[in-house]
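**Student:** The sequence and its predicted three-dimensional model are supplied below.
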Amino acid sequence: MSTTHQTVILSHKGEPLTITTRPTPKPGPNELLIEVHTLAINPVDHFQRDYGVFIKDYPAILGSDVAGIIIETGSSTRSTLKIGTRVTALASTFFTPGNDYGAFQKRVLVKEDFVSVLPNSFSFVEGACFPLAVMTSWNGWIWAGLEPMSTIGSGTSTTTTTSTNEGVFVWGASSSVGTLAVQAAKLMGFKVYATASQQHHEYILGLGATRVFDYQNANVLDQIVSTARSDGVSIRIGYLATGDQQLAVNTLDALRGTDNAKLAIAPIVDSELKVPDGVESAFVSPPQDPDELRERSRSIFVNWLENKLAAKELVSSPHAKVIQDGLESVNGALDELKAGVSCLKIVVEL
């Protein structure tokens, strides 16, 4: 195996990424070295490139989502992770600082708790669509009071609702995070009331939503509330993946009746957001304590995602647009995402 590999680096804020070669690192005891076959682009990536968001030092390697094959294992990784295993992984410097860990490179180090085995029934393109969206959606649901696994390490026990009329609300359901939030809530047994552009309604219904509403409709708040009441569905938990934060808060406020409600918000919370009494909102984020973060990531990636992929209970979402020009195409992919996409995940093949 070569001792070096290609990567794209950000030398300074606001500059294009440039291709370079860097030494290939060795995995630590609980780490894996992955040969990246595909990487996916997320909105945070272009914010990092253009505005330096979440970057402490330059040069920096960006990116979070990869799928590929394990080419080297640490001394203490779990037995299911062997050389040659196909995996999907969250390869981000958000949680593990240092350029050995950023996704935009041909070989990347990943902590084992951020890795899920990728069955042969999923392509590498499909696999790259999962990691950050799964982590972000579950951080929101957990903050709101839901848990991916009721017993850490059990691999089988998933929290579900016992009520046939209990629902959740997902605003911006056609986004990458929104589609995974819909699927996770559906798998827990909730009725999912979602918003998306009209052209994506059938797709979101196919992912498990009970009702989908056009957020561009001037009467969307009244439509959601009246439909939920007509259906006899109680909604006290919401997730905003993207879109109008104030309208989402107002909608959940109208839905909650006399109960308290929680709205998890994936983007940075609008500083002018007015949250009424009875509704709590928060930016979704993982635990800051290292031990809690390990427990959280293992719960999500090992106990939930890995099991759901093996059982074929999840689909890769949203639709993938594949770019086959390797690392040279990452800048263009970031520009395309920045210009705006709808119900689309941009995936680069290496």
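**Tutor:** Happy to help now that I have it.
**Student:** can you list the domains in this structure?
**Tutor:** Per the record, the chain has its domains at 4-130+316-349, 136-283, by automatic domain parsing.
**Student:** Next, the distance between the ends of the shortest one.
**Tutor:** Counting by Cα to Cα, to the nearest Å, the length from the leading to the trailing residue of domain 136-283 is 10 Å.
**Student:** so where is the stretch 251-350 of the chain shaky, pLDDT-wise?
**Tutor:** In the predicted model of the stretch 251-350 of the chain, no residue satisfies pLDDT under 70.
**Student:** All the strands of it, residue numbers only.
**Tutor:** 261-265, 279-283, 319-323, 344-349 (DSSP state E, counting those that start in this stretch).
**Student:** Packing partners of the last one?
**Tutor:** Here strand 344-349 is seen to pack against strand 31-40, helix 124-127, strand 319-323, helix 330-339 when contacts are counted using 3 or more Cβ pairs under 8 Å, 6 or more residues apart in numbering; DSSP states H and E. Bear in mind the C-beta positions are built from the backbone N, C-alpha and C, glycine included.
**Student:** Distance to residue 197 added to the ones you listed, as a markdown table?
**Tutor:** Shown next, in a markdown table, are the helices and strands packed on strand 344-349 (distance: least, Cβ to Cβ, whole Å):
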| stretch | distance to residue 197 |
| --- | --- |
| strand 31-40 | 21 |
| helix 124-127 | 23 |
| strand 319-323 | 13 |
| helix 330-339 | 17 |
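**Student:** out of these, nearest to residue 136?
**Tutor:** strand 31-40 (12.8 Å; Cβ to Cβ).
**Student:** Could you give the average pLDDT over the closest one?
**Tutor:** Average pLDDT, strand 31-40: 98.
**Student:** so residue 224 sits in a strand?
**Tutor:** No: read with DSSP: H, G, I helix; E, B strand; the rest coil, residue 224 is helix and lies in no strand.
**Student:** Which one, of the strands of the stretch 251-350 of the chain, ends up nearest to residue 97?
**Tutor:** That would be strand 279-283 among the strands of the stretch 251-350 of the chain, by Cβ to Cβ, at 20.6 Å.
**Student:** tell me which strands and helices that closest one is in contact with?
**Tutor:** helix 245-255, strand 261-265.
**Student:** try 10 Å this time
**Tutor:** helix 131-143, strand 234-240, helix 245-255, strand 261-265 (3 or more Cβ pairs under 10 Å, 6 or more residues apart in numbering; DSSP states H and E).
**Student:** In this protein, mark out all the helices, start to finish.
**Tutor:** 43-51, 124-127, 131-143, 176-187, 201-206, 220-231, 245-255, 290-297, 306-310, 330-339 (DSSP state H).
**Student:** how many neighbours does residue 261 have?
**Tutor:** 22 (other Cβ atoms under 10 Å).
**Student:** Let me see the contact set for the most centrally placed residue in the chain.
**Tutor:** When Cα atoms, centre = their mean is applied to the chain, the residue found nearest the centroid is residue 133 (0.9 Å). Listed by Cβ atoms under 10 Å, 6 or more residues apart in numbering, the contact set of residue 133 reads 40, 42, 64-65, 90, 175-181, 183, 241, 266, 316-318, 345.
**Student:** repeat that for 8 Å
**Tutor:** By Cβ atoms under 8 Å, 6 or more residues apart in numbering, the residues touching residue 133 are 176, 177, 179, 180.
**Student:** Who wins on neighbours among those residues?
**Tutor:** residue 179 (32 neighbours).
**Student:** Nearest to residue 106 among the helices and strands packed on strand 344-349 would be which one?
**Tutor:** Per Cβ to Cβ, nearest to residue 106 of the helices and strands packed on strand 344-349: strand 31-40, 5.7 Å.
**Student:** tilt between the closest one and strand 344-349?
**Tutor:** 120 degrees (axes from the mean of the first three to the mean of the last three Cα atoms, to 10 degrees).
**Student:** which other helices and strands contact strand 31-40?
**Tutor:** Partner elements for strand 31-40 (3+ Cβ pairs under 8 Å, 6+ apart): strand 65-73, strand 86-90, strand 107-111, helix 124-127, strand 344-349.
**Student:** Please state the offset of the longest one from the chain centre?
**Tutor:** The chain centroid and the centroid of strand 65-73 are separated by 18 Å under Cα atoms, centre = their mean, to the nearest Å.
**Student:** That one pairs with which strands, parallel or anti?
**Tutor:** strand 31-40 (antiparallel), strand 86-90 (antiparallel) (DSSP bridges).
**Student:** With mean neighbour count as added columns, please give the ones you listed in CSV.
**Tutor:** Shown next, in CSV, are the strands paired with strand 65-73 (neighbours: other Cβ atoms under 10 Å):
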stretch, mean neighbour count
strand 31-40, 25
strand 86-90, 26
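**Student:** which one of those lies closest to residue 213?
**Tutor:** Nearest to residue 213, of those and by Cβ to Cβ, is strand 31-40 at 27.6 Å.
**Student:** starting at the chain centroid, how far to that closest one?
**Tutor:** Worked out by Cα atoms, centre = their mean, strand 31-40 lies 17 Å from the chain centre.
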